[in-house]
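Q: 3D model of this:
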Amino acid sequence: MGKARKAGGLDPAAICRSSDPMAVRELLSKIGDTWTIFVILSLDLLGGRARFSELERSVPGISQRMLSSTLKNLERDGLVIREVFAEVPPRVEYEMTALGKSLLRPTLGLVDWAKANWEQVRQAQSDYDAP
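A: Numbering: from 1, shown residues only. As a prediction, the model looks like this:
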């Protein structure tokens, strides 16, 4: 525990167990955004590869613009690859990379935790909000 303390508080490197806590924070922020988890889980349910329109139908409430932005970010981060087929009209498919697939297990663990604990969280919110 002594290593985690620094003058003025906790050592950020000890909190996330990394020599680069800002990089960890940035990546967790991207992965944990509103849509990334749903897109990753949808891709998995669709067999690891899907067209834009299939993803749009499978992610409830996502706009085309947000899906496009999320997929671009996932591609940039190496979690998804985009393949364009020279057809008329053009066909584009997205596929999870090995790195993207490695994110499934922790994501499913987080989803399982949320399902198992949602009622408790909701009750805590209700208790907190009560006058």
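Q: hey, let's count contacts and neighbours off CA atoms from now on
A: Will do.
Q: Output the below-cut-off pLDDT ranges for this protein.
A: Along the chain, the parts satisfying pLDDT under 70 run over 1-8, 10, 12-13.
Q: Break this structure into its domains for me.
A: 1-31, 34-129 (automatic domain parsing).
Q: most tightly surrounded among those domains?
A: Mean neighbour count (mean count of other Cα atoms under 10 Å) peaks for domain 34-129 among the domains of the chain, with a mean of 15.
Q: and the end-to-end length of that domain?
A: 24 Å (Cα to Cα, to the nearest Å).
Q: Return the residues in contact with the residue nearest to W35 when sequence neighbours are not counted.
A: Spatial nearest neighbour of W35, excluding adjacent residues (Cα to Cα, 6 or more residues apart in numbering): T70 at 6.9 Å. Contacts for T70 were tallied using Cα atoms under 8 Å, 6 or more residues apart in numbering; they are W35, T36, V39.
Q: Check which helix or strand T70 maps to.
A: Following DSSP states H and E, one finds T70 within helix 64-76.
Q: Could you identify the helix or strand that succeeds that helix?
A: Using DSSP H and E, the helix or strand that follows helix 64-76 in sequence is strand 80-85.
Q: Name the surrounding residues that touch that next one.
A: L71, L74, E75, P90, R91, V92, E93, Y94, E95, M96, T97, G100.
Q: repeat that with 7 Å
A: Outside strand 80-85, the residues that touch it by Cα atoms under 7 Å, 6 or more residues apart in numbering are L74, E75, R91, V92, E93, Y94, E95, M96, T97, G100.
Q: could I get these as TSV with distance to L43 and secondary structure?
A: Below are these laid out as TSV (distance: Cα to Cα, whole Å; DSSP: H, G, I helix; E, B strand; the rest coil):
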residue	distance to L43	secondary structure
L74	12	helix
E75	13	helix
R91	17	strand
V92	14	strand
E93	11	strand
Y94	8	strand
E95	7	strand
M96	7	strand
T97	11	coil
G100	10	helix
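Q: out of those, what pair is the most spread apart?
A: Farthest apart among the contacts of strand 80-85 by Cα to Cα are R91 and G100. That separation is 21.7 Å.
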